[in-house]
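Asker: predicted coordinates and the sequence they were generated for:
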Amino acid sequence: MENILKLFAEHKEAVFVIVLAIFLGIEVISNVPSVLHTPLMSGANAISGVIIIGGIILLGHADLSKISLELVLGIIAVFMATLNVAGGFVVTDRMLDMFKKKKK
């Protein structure tokens, strides 16, 4: 516990920025009208696509002869970002289906 408090004391500016970003993100997301959620979801998918590319680059530089931090982080980044992109497109598709006219 003492080490955590020491870490916070040494990096109080970074902690302040992170906490401020969390509160700002909650405030912005909670005030977004439901019509704009689909474009925001598409933007989030694009960001996750960049994470996939970064994970692939990280895997390209990893030493494959042994298990290293770069290899593990690259695999986790590619896997999680791929899940995020696929899930985001499924949710976006379902949201767009809500705006289509129903057939009789």
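Answerer: Alright, I've got the coordinates.
Asker: middle-most residue in the chain, spatially?
Answerer: With distances taken as Cα atoms, centre = their mean, Ser48 lies nearest the centre of the chain, 5.9 Å away.
Asker: host element of it?
Answerer: helix 37-61 (DSSP states H and E).
Asker: show me how far that helix is from its chain's centre.
Answerer: Distance, stretch centre to chain centre, for helix 37-61: 8 Å (Cα atoms, centre = their mean, to the nearest Å).
Asker: please apply the same query to stretch 8-17.
Answerer: 22 Å.
Asker: just the endpoints, please. Distance across it?
Answerer: 12 Å (Cα to Cα, to the nearest Å).
Asker: from Gly88, how far out is Ile67?
Answerer: Here Ile67 is placed at a distance of 30 Å from Gly88 (Cβ to Cβ, to the nearest Å). For every residue, glycine as well, the C-beta is placed using N, CA and C.
Asker: of those two, who's got more company?
Answerer: Relative neighbour count places Gly88 above the other of Ile67 and Gly88, with 19 against 11, counting by other Cβ atoms under 10 Å.
Asker: and Ser68, its phi and psi?
Answerer: As for Ser68, its main-chain torsions (degrees, to the nearest 10) stand at phi -120, psi 170.
Asker: these two touch, right, it and Leu58?
Answerer: No. Taking Cβ atoms under 8 Å as the definition, Ser68 is not a contact partner of Leu58, at 10.5 Å.
Asker: circling back to that earlier point, got the contact list for the residue nearest to the centre of the chain?
Answerer: Ala81, Asn84, Val85, Gly88 (Cβ atoms under 8 Å, 6 or more residues apart in numbering).
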